[in-house]
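# structure for the following, please:
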Amino acid sequence: LAASGDLLQRADAAPGVAARLHHVVGQAYVALGEFAPAEAHLRGAWQRYRTAFGELDWRAIEVGCDLASALHRAGRLDEAAPLVETIAAQAVAVRGEHHPLARLLLDMRAKLAFDRGRPAEAEAPLRDLLALSEAEGRTDAVIAIAGNLSQVLLGLRRAAEAAVLARRSCDLARANYGADHPLALAAARKLAAVHLLAGDYVAMVAELEPLLALADRRLGSDHPDTMGMRNYYATALHRLGRGAAAAPVFRDLIAAQQSKLD
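Numbering: from 1, shown residues only. Below you'll find the predicted structure:
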């Protein structure tokens, strides 16, 4: 990534090539949890595609989806929400409502509703998406959507249903990809949220303790998903009366989050 600057500069005379390269680099930064450079590259790719080939160019729609996702993950919900609506309408217009990208955008709309404090609006579309993904045997989608739906149900205080879905997502990810795969680590973080609501702090510690080193190695210690897992872990320690063990974890998290997310 650090060496990509010269290549991007040389490609700028060919808008399609430059847009594709900015898209790839932006996706890589998203995977690293580096949302500021990710946004810059994704926005650059999106603008190049739209200018050169029009707003309904499918590549522009794909990049717009990734840009909306990056804004969402960075916590910029008010910017992400209208962009998701725009890109979703374009995706349906070009490829129809059953295209995988259109479904992905529906999932994103549901997650945005949840994150903006409206979990009831998220449940129905996620259940529809889960049923479709199950029928088509799309394992990655089932893992992600089951995990997302579990968090929505937590927001609705339906912990028992949430636990079933979170455990299913976690088990499916581990069985197919291993415990250190990013999908499995994200699923484990969502399962920890279920334990937190249930007050099962012993289970939280037992679930997360062996995964923290895996997350550090696979994602990096300052990745947002790794920090989320450490936050749940420290919270569980605190609730168990182990404040001396929790305090340094919280201090490290505060410093890491300020550095990463400011």
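
# what about the residue lying closest to residue 218 once chain neighbours are set aside, neighbour count?
Once flanking residues are discounted, residue 218 sits nearest to residue 180: 4.8 Å by Cβ to Cβ, 6 or more residues apart in numbering. Glycine gets a C-beta too; all of them are placed from N, C-alpha and C. When neighbours are defined as other Cβ atoms under 10 Å, residue 180 has 15 of them.

# host element of residue 180?
Using DSSP states H and E, residue 180 sits in no helix or strand.

# hmm, it is touching residue 213, no?
No. Residue 180 is beyond contact range of residue 213, at 9.2 Å (criterion: Cβ atoms under 8 Å).

# report the buried residues of stretch 13-25.
For stretch 13-25, burial by neighbour count (16 or more other Cβ atoms under 10 Å) applies to 15, 18-23, 25.

# so can I have TSV of those residues showing pLDDT, secondary structure and distance to residue 165?
Listed next are the buried residues of stretch 13-25 as TSV, based on pLDDT from 0 to 100; DSSP: H, G, I helix; E, B strand; the rest coil; distance: Cβ to Cβ, whole Å:
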residue	pLDDT	secondary structure	distance to residue 165
15	84	helix	43
18	90	helix	42
19	93	helix	38
20	93	helix	37
21	91	helix	38
22	93	helix	36
23	95	helix	32
25	94	helix	34
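
# any chance of TSV for these, columns distance to residue 117?
Below are these laid out as TSV (distance: Cβ to Cβ, whole Å):
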residue	distance to residue 117
15	40
18	39
19	35
20	37
21	38
22	33
23	32
25	34
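
# which of those residues sits closest to residue 83?
Of all the buried residues of stretch 13-25, residue 83 sits closest to residue 23, with 15.7 Å by Cβ to Cβ.

# and the closest residue to that closest one other than its chain neighbours, how many neighbours?
In space, and not counting its chain neighbours, residue 23 is closest to residue 45: 4.1 Å by Cβ to Cβ, 6+ apart. Burial of residue 45 is recorded as 28 neighbouring residues (other Cβ under 10 Å).
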